[in-house]
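Student: coordinates for the following, if possible.
(chains A, B and C)
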Amino acid sequence: MKKLFLIPIAAVALFAFSPTVSDETTGGKKIPSVNIKDMAGNPINTAEVSNDGNPIVISFWATWCKPCKLELNTIAEEYDTWQEETGVKLVAVSVDDQKTTNTVEPVVNAAGWEYDIWMDPNGEFKRALGVNFVPHTFLIDGEGNIVYSHNNFVPGDEEILYQHVKEISKK
Amino acid sequence: MLINQPKKRYLNNYALINYSLKDFRAGVRFESYLPHLPGYPDRFSGTGIGYRYAGYYTEILDFTVGNFYEQFGNGMLFRSYEQRQLGLDNAMDGLCLKFRPTAGVEIKAVYGKMRYNFDNGHLVNSDGLVRGFDAAIDFGNFYNLLADSKFKLVIGGSFVSKYQKATNPAYIMPQNVGSYGGRIDMKYGKFFLTGEHVIKENDPSFDNKYIFNNGHGTFVTLGYTQKGLGIILYAKSIDNMSFRTDPNASLTDLNINFLPALTKSHTENLAATLYPYATQPVGEVAFQGDVFYKIAKGTKLGGPYGTEINVNFATSYRPVRHTSGINPADSTGVTYKTNLFDKSDSLYYRDFNIEIKRTLNKKWKVGAKYFHFDFNNDVNLVSKESHGMINCNIAVLDVQYKINKKHSIRAEFQGLWTRNETVNGVTAKQDKGDWATVLIEYNISPKFYFAVMDQYNYGNPIESKRIHYLIGTAGYIFGASRISVLYGKQREGIFCIGGVCRAVPATNGLTITFTTSF
Amino acid sequence: MRKLLLLLTAGCFSAHAQQLGPNVSGNVESTFQYLNADTLIGANQPAEKTVLK
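Tutor: All right, here's what the predicted structure looks like:
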């Protein structure tokens, strides 16, 4: 049982060393480089994601995840305005495994989402970014730094995300 | 050793750390089970490193030494992955190479042993060795052959073999088991068609009762998708496709491959946990249809925000096993023959469900769902109290109200009703009878959520089992971290992800979960 | 294994020291349970898991 006490110590140590802890704006932490594919099957290197210097939202989701779809649907209602005002782009990364990967495109099209969709069927990108549960959303500034991340979604969270988008937008 | 006093405290911990510098990456995952949570593999114990890797990753070459997760095609021949909630982790330990010599071509090679156990803080791998090779060409990117075409084509092929010294004195076990398959992925405009066919050579095992038949698997998907509409049809035919690094392994241990289940992954409490369907690796012929439709916003039917409709139908049957002209006692060890999509009348599972979701205005969202299940409990054992087919209807109503910018409330009302059945002149509800579930959730964005759920087995044929399973949850979120506290009764049930299931024991007490990402 | 750990630890510090270059990511998950026996719902001494596949 002695080892039990090591766990919180280890957790605190991790916090101390890790550049990103919570909502706080941080610098330097980048998107790791992982080779995956987009929904159309084109190869994607995750580190090369760009949006002409405008902010990027990366949102991990799955077709079987209710709050994920609620988040993406909620943002979809405002997405035109968000893009006009800030130039932001949203990349939705599906972590659906082979049981449901084929439903991703129909679900996306039926919902009418205008996002970039990436496929991460075996969780490679998810692991590289340290994502434990979906939904998990990251905000990346024009220089490619992760400036905000949030785990979970409840109505209203989208407005907080958008506040952060506006803060870093150059428009 | 028999322990009479119940253990009361349980603790699972995981910490994953990835480090990268330019093209170099490495990582470790610490794990501890002090002791493991009820329902986890009983052999998991201690604190230590359960996963570690280092590698070099460029546009052309990925090279990993140590533990890795990888998948070929649909995974029917090879998939190593972690599904922590199931206590499942079949990470490879060895070498993984991915080579992309030119755009549109990817070659993968894997070599190593598979994770089996975490004993007293030490990672224990399989005795058997897995070797695999996979290649795919995407003609859309390959020398721009189909660059400007509406037609897209990807073809691929895999080879996977297992090597293990014979361990069963009763049978002459093959040391090498080879498997191979091909796949094709086509798209034309709004249509897509994908297919994979795999064959596994003779592999006598505990799962197939030590027969020497070859196994085969076929998985086909046909789809159409456009804005506001998606239609997908699935078909799957598998026989004798359980493939493990140790033929004597069982449960979710040491699976080399993954056979996707053709069912929708239900999320509603009663639909997801009482009668969930798991893939039958020994053999099944299964079909599924899925239709997504959005009635456009601004129309009379669609309302101001549109209305989403999803209809899903899934079914699975036992394959026909032809035995005429086959002597099961002869030296070949082949006991029957099966053909592709040759299904019998023996139903394993049928699931029809329909969902309608509508945003009424800025404040209100409503959803309604109906399910009908025909569930063969003899094949897919979920209830010890029941035999044969269980038929049930489920209805769900989901209402969400946004009080203001930060506060919202959500309520779910669910009912499950099983059929009345007469056995030996006594008429009673099937299995555990009828259930009602009420869930109320209160959210304060972005930091807090509170929920109360009551599952009430009001229609159990046995009066003393008409129990309320009441659970309360509270959660606190700060950025990428979350603490949740759960208190109450959890009923015994089945928990499934991707068609792989785990039995969860009944529990009564407190659960505290902390997660963070950095 | 020790070398790998050393390297990682070094990586953690250097990631902190300089803004560009090395990247550290990951996650922590802890689950604690305190359970009572409840014979009514069959929550006894939890047995070895049984998995249906």
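Student: name the element the residue nearest to B:Leu229 when sequence neighbours are not counted belongs to?
Tutor: For B:Leu229, ignoring the flanking residues on the chain, the nearest one in space by Cβ to Cβ, 6 or more residues apart in numbering or on different chains is B:Tyr293 at 5.4 Å. Using the backbone N, CA and C atoms, a C-beta is placed for each residue, glycine as well. In this structure, B:Tyr293 is located in strand B:283-295 according to DSSP states H and E.
Student: who's in contact with the residue nearest to B:Leu229?
Tutor: A:110, B:228-230, B:308-310 (Cβ atoms under 8 Å, 6 or more residues apart in numbering or on different chains).
Student: list the residues that contact A:Pro121.
Tutor: Shown in contact with A:Pro121 (Cβ under 8 Å, 6+ apart): A:94-98, A:101, B:71.
Student: buried sites along stretch A:29-48?
Tutor: In terms of neighbour count (16 or more other Cβ atoms under 10 Å in any protein chain shown), stretch A:29-48 has its buried residues at A:29-37, A:39, A:41, A:44, A:46-47.
Student: quick check: B:Pro174 touching B:Ser205?
Tutor: No - proximity of B:Pro174 to B:Ser205 does not meet the contact threshold set by Cβ atoms under 8 Å, at 10.6 Å.
Student: so for the two, which sits in the more crowded spot?
Tutor: Relative neighbour count places B:Ser205 above the other of B:Pro174 and B:Ser205, with 23 against 17, counting by other Cβ atoms under 10 Å in any protein chain shown.
Student: pretty sure that one sits against B:Ser242.
Tutor: Yes - because the distance of 6.2 Å satisfies Cβ under 8 Å, B:Ser205 is recorded as touching B:Ser242.
Student: secondary structure element holding A:Leu70?
Tutor: helix A:66-86.
Student: partners of the next helix or strand after that helix in the sheet?
Tutor: Sequence order places strand A:89-94 as the next helix or strand after helix A:66-86, per DSSP H and E. Strand A:89-94 has these partner strands in its sheet, going by DSSP bridges: strand A:56-61 (parallel), strand A:116-119 (parallel).
Student: can I get the ones you listed in TSV including mean pLDDT, distance to A:Thr86 and mean neighbour count?
Tutor: Compiled in TSV, the strands paired with strand A:89-94 are given as follows (pLDDT from 0 to 100; distance: least, Cβ to Cβ, whole Å; neighbours: other Cβ atoms under 10 Å in any protein chain shown):
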stretch	mean pLDDT	distance to A:Thr86	mean neighbour count
strand A:56-61	97	10	24
strand A:116-119	96	16	20
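Student: I'd like those strands laid out as CSV, including distance to B:Ala91.
Tutor: CSV is the format used below for the strands paired with strand A:89-94 (distance: least, Cβ to Cβ, whole Å):
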stretch, distance to B:Ala91
strand A:56-61, 21
strand A:116-119, 21
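Student: out of those strands, which is closest to B:Gln490?
Tutor: Across the strands paired with strand A:89-94, the minimum distance to B:Gln490, taken as Cβ to Cβ, is reached by strand A:56-61, at 26.5 Å.
Student: in what helix or strand does whatever residue of chain A ends up closest to chain B lie?
Tutor: Shortest chain A-to-chain B distance, computed as Cβ to the nearest Cβ: residue-wise this is A:Pro106, at 2.3 Å. Per DSSP H and E: A:Pro106 is located in helix A:101-111.
Student: what helices or strands is that helix leaning on?
Tutor: Counting contacts by 3 or more Cβ pairs under 8 Å, 6 or more residues apart in numbering or on different chains; DSSP states H and E, helix A:101-111 is packed against helix A:66-86, strand A:89-94, strand A:116-119, strand B:191-200, strand B:215-226, strand B:229-239, strand B:283-295.
Student: now do the contacts for A:Ile44.
Tutor: Neighbouring residues of A:Ile44 by Cβ under 8 Å, 6+ apart: A:35-38, A:118.
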